[in-house]
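> Generate a structure from the sequence data that follows.
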Amino acid sequence: MTETPAARHHREQQAGSLTTGSRILLPDGQRTAEIHQVELERDDFGSPALVLASLSGGGTLRVAVGTTVTVVEGTHDAVTQLPLPGNLPEAPAVEAGAPEAGAPTTGPREQPGAGTGPVSVAPAVVVPPLPPAPPAVNGPTEEELALIPAPDGTPESVVEAAAETHPDAMGVLLLADRLAKGVNFKSGSCLKDLSDLAHELFITLKDAEGALAVADLITVLPYDGNPGRWSSVEASLALASYICRQDGQDGRAEVYEKLLRTPENQETDPFKARMAAKVRQRSLNEPNLYDKEIFRSIDNSNHDAEREWRLLRLESLLFLRAHGGSETIGMSELERRISNELEAVRS
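Modelled structure (predicted):
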């Protein structure tokens, strides 16, 4: 059957505006498929970069946000449908006189009433389904959580003890003064101050014990779905894991590392879980290590700015270390880089 122009209507639109239920013309220019779900993948600057269109029946298409695609509207009777796994057309009934399945044929089958040439059948284009969702990350047990000691006193007293241990450390004193007014674990700025204090104690003052005591004030906080607050908890978990690994407390370090992965098992939708795992792996493989900013600071002889950028690089490396490394940076290389950055910021 030849498709007539009236059989369907189509319009052009950018991929970034596609929605569930849209029927689009596939890259082969002949077949169409309906969109079951749309996800946006963002670039390192947080801007939408890639549309991940889950198709009805399985499979997905990757389309750049700015790409123009054809959306099919109107009747679809004459539109060739995309054969997808789980949505394949039924096998046609065997006509009278036609060879049965498995029977040998002497040549190409001719269409009744047509010429003597063989009928050309276009090969089916099947979009492969997504890989299975990654296994859920198991959180630590009660016995494992017991490896993290309870704070010795109130949060304010823990901060005060750290300040008294280092009376000449201006960075510690400034943070302690802010926290002395009261530690509010629902405040993102308060969590950031606690995380900064733990890092200041370990990185600048080499006080691993004090840093771990301060970090443990927030390492046990549950994930509440707020990325802003969680970033401070995440940084403290990565720091605590590194300190314990260096001190030979591998069991306790594993607890911090399991807590660090808490957000990874929050998504219950299989499609979203697969997409999140893909984005997460890409961020681990291509971490922002602030190379350009550090080199620019070195060229400008701006040592203060260089140190601040190196601290951010160190935080990224500690996160990778607690996450078990990545496909591009192994554990031994991470250990070497972390040691180099510690030496650079402490000098």
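> From residue 162, how far out is residue 281?
As for residue 281, its distance to residue 162 is 37 Å (criterion: Cβ to Cβ, to the nearest Å). To be clear about C-beta, it is placed using only N, CA and C from the backbone, and glycine gets the same treatment.
> So for the two, which residue has more residues nearby?
Each of residue 281 and residue 162 has its neighbours counted (other Cβ atoms under 10 Å); residue 162 has more, 26 against 13.
> quick one, helices of the stretch 51-200 of the chain?
142-145, 155-165, 170-179, 188-199 (DSSP state H, counting those that start in this stretch).
> Serialize the ones you listed to JSON lines and add fields for distance to residue 313 and mean pLDDT.
Below are those laid out as JSON lines (distance: least, Cβ to Cβ, whole Å; pLDDT from 0 to 100):
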{"stretch": "helix 142-145", "distance to residue 313": "30", "mean pLDDT": "91"}
{"stretch": "helix 155-165", "distance to residue 313": "25", "mean pLDDT": "95"}
{"stretch": "helix 170-179", "distance to residue 313": "19", "mean pLDDT": "94"}
{"stretch": "helix 188-199", "distance to residue 313": "13", "mean pLDDT": "96"}
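> most packed of these?
Counting by mean count of other Cβ atoms under 10 Å, helix 188-199 has the highest mean neighbour count of the helices of the stretch 51-200 of the chain, with a mean of 22.
> for it, packing partners?
Helices and strands touching helix 188-199, by 3 or more Cβ pairs under 8 Å, 6 or more residues apart in numbering; DSSP states H and E, are helix 155-165, helix 170-179, helix 208-219, helix 227-246.
> Can you say which of the ones you listed is nearest to residue 315?
Residue 315 sits nearest to helix 227-246 of all the helices and strands packed on helix 188-199, at 5.6 Å, using Cβ to Cβ.
> Please identify which helix or strand holds the nearest residue to residue 50 once chain neighbours are set aside.
Of all residues not flanking residue 50 in the chain, residue 41 sits nearest, at 4.1 Å (Cβ to Cβ, 6 or more residues apart in numbering). Element membership for residue 41 (DSSP states H and E) is strand 31-42.
> May I see the buried residues of that strand?
Counting neighbours by 16 or more other Cβ atoms under 10 Å, one finds that the buried residues in strand 31-42 are 31-39.
> how many other residues sit next to residue 217?
Neighbour tally, residue 217, other Cβ under 10 Å: 23.
> Next up, phi/psi of residue 185, please.
phi -70, psi -10 (degrees, to the nearest 10).
> what's the spacing between stretch 219-230 and its chain's center?
Distance of stretch 219-230 from its chain centroid, counting by Cα atoms, centre = their mean, to the nearest Å, is 16 Å.
> I'd like the average pLDDT over that stretch.
Stretch 219-230 shows a mean pLDDT of 90.
> mind giving me the domain split of this protein?
5-81, 142-285 (automatic domain parsing).
> Excluding its own residues, what touches stretch 185-202? List them.
155, 159, 162, 166, 169, 171-172, 175-176, 178-179, 183-184, 207-208, 210-212, 214-215, 217-218, 221, 226, 228-229, 232-233, 235-236, 239-240, 243, 311, 315 (Cβ atoms under 8 Å, 6 or more residues apart in numbering).
> So how do I select the buried members of those in PyMOL?
Command for PyMOL that selects the buried part of the contacts of stretch 185-202, burial taken from 16+ other Cβ under 10 Å:
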select buried, resi 155+159+162+166+169+171+172+175+176+179+183+207+208+210+211+212+214+215+217+218+221+229+232+233+235+236+239+240+243+311+315
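> Make a markdown table out of the helices of the stretch 51-200 of the chain and add distance to residue 50.
A markdown table is the format used below for the helices of the stretch 51-200 of the chain (distance: least, Cβ to Cβ, whole Å):
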| stretch | distance to residue 50 |
| --- | --- |
| helix 142-145 | 38 |
| helix 155-165 | 43 |
| helix 170-179 | 40 |
| helix 188-199 | 30 |
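> which helices and strands sit right next to the host helix or strand of residue 332?
Per DSSP H and E, residue 332 falls inside helix 331-346. Judged by 3+ Cβ pairs under 8 Å, 6+ apart, helix 331-346 is in contact with helix 303-322.
> Looks to me like residue 24 is in a strand.
Yes. Assessed by DSSP: H, G, I helix; E, B strand; the rest coil, residue 24 belongs to a strand.
> Now for it, how many residues are close by?
23.
> Residue 301 now?
The burial count for residue 301: 8, using other Cβ under 10 Å.
> How is it assigned, secondary-structure-wise?
coil.
> tell me the pLDDT at it?
pLDDT, read off for residue 301, is 94.
> quick one, phi/psi of it?
Residue 301 has phi and psi values of phi 60, psi 30 when expressed as degrees, to the nearest 10.
> quick one, what contacts it?
Counting by Cβ under 8 Å, 6+ apart, residue 301 has no contacts.
> how close does it sit to residue 27?
For residue 301 relative to residue 27 (Cβ to Cβ), the value is 52 Å.
> Burial check on the nearest residue to residue 312 once chain neighbours are set aside, number of neighbours?
With sequence-adjacent residues excluded and distances taken as Cβ to Cβ, 6+ apart, residue 312 is closest to residue 290, at 5.5 Å. For residue 290, the neighbour count with other Cβ under 10 Å is 20.
> Quick check, residue 318 in contact with residue 242.
Yes. At 5.3 Å, residue 318 and residue 242 qualify as touching, with contact defined as Cβ atoms under 8 Å.
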